[in-house]
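In: quick check, what structure comes out for this input:
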Amino acid sequence: CTDTLGSFTCACKSGYTGNGFSCLNVDECKTGAHNCIPSPGTVTATAVCVDTVGSFACECLAGYVKAGHASGSGTVSCVDEDECSAGTHACDPGNAMCYNTEGSFRCECNWGWAMSYHGGRCVFGGQCAPSWHNCDVQNSVCSESEAGGSFLCTCNSGWQTEDDGVTCLNEDECAKGTHNCHTAAICEDSAGSFSCVCGARMIGDGVLLC
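Out: Below you'll find the model as predicted:
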């Protein structure tokens, strides 16, 4: 309420819309008026906008942490969380090394040890020992049964296992429709991943906005 000479005016507060006598909540997430953005250089969204009464909140997806806070015209972005440095990974503490990846991490068993079928825990020797298995060493992980004597090749994210069970081929997320590009963006496949590019005469990250 603002006092004027002989009268007054009513205006809705920030986060609301209306004539001042009746005000309704504005959903900044739907209108695009929020300042939650993906991390620079990433092809997938790292933050999501959550509407609240009269405002909004930016929440990071699993594997990411906030890098900034909303302030005036500032933005809120999320950066990759290094689970290995933070000690929040699930790798075998005595027999595996943790390697940070974008939005996640991977565990690699020490020399002479192999990942069990259950993941996270390493078992000694066996079929997944170096040079004993024939899994795709660059694009898959070899897992050994608890009892030993057999192994399983699991292709990394962005790759799919062929019928032979050991070969990994690029997964075309664009053709399969498993990408998360904006409806106005073009999905471009790449080895083990994909990218989202906004259409002609449009700008944006290609995932949340075009």
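In: list the buried residues in stretch 203-210.
Out: Under the neighbour-count criterion of 16 or more other Cβ atoms under 10 Å, stretch 203-210 has 204-210 buried. Using the backbone N, CA and C atoms, a C-beta is placed for each residue, glycine as well.
In: what about that stretch, start to end distance?
Out: 5 Å (Cα to Cα, to the nearest Å).
In: now swap in stretch 92-102 and tell me
Out: With Cα to Cα as the measure, stretch 92-102 spans 20 Å from end to end.
In: got the contact list for that stretch?
Out: With contact meaning Cβ atoms under 8 Å, 6 or more residues apart in numbering, stretch 92-102 is reached by 42, 63, 80, 82-85, 89, 91, 105-110, 113, 115, 120-122, 124.
In: what about these, which are in strands?
Out: The strands, defined by DSSP state E, take in 80, 105-109, 113, 115, 122, 124 from these.
In: buried subset of the residues you listed?
Out: Applying 16+ other Cβ under 10 Å to the ones in strands among the contacts of stretch 92-102 flags 80, 105-107, 109, 113, 115, 122 as buried.
In: widest-spaced pair of the residues you listed?
Out: With Cβ to Cβ as the measure, no two of these lie farther apart than Asp80 and Trp113, at 26.9 Å.
In: where does the chain have low pLDDT?
Out: The chain contains residues with pLDDT under 70 at 37-45, 68-76, 116-120, 125-126, 129-132, 145-149.
In: ok, which stretches of it are helices?
Out: In the chain, the segments counted as helices under DSSP state H are 28-31, 83-86, 173-176.
In: report the distance from stretch 178-193 to the chain centre.
Out: 14 Å (Cα atoms, centre = their mean, to the nearest Å).
In: same thing with stretch 51-67?
Out: Using Cα atoms, centre = their mean, the offset of stretch 51-67 from its chain centre is 14 Å.
In: what residues sit buried inside that stretch?
Out: Neighbour counts over stretch 51-67 (16+ other Cβ under 10 Å) mark 51, 56, 58, 60, 63-64, 67 as buried.
In: got the contact list for it?
Out: Residues outside stretch 51-67 that contact it (Cβ under 8 Å, 6+ apart) are 13-16, 25, 27-30, 34-36, 39, 45-50, 70, 76-81, 83, 102-104.
In: again, only using 7 Å
Out: The contact list for stretch 51-67, computed with Cβ atoms under 7 Å, 6 or more residues apart in numbering, reads 13, 15-16, 25, 27-29, 34, 36, 46-50, 76-81, 103-104.
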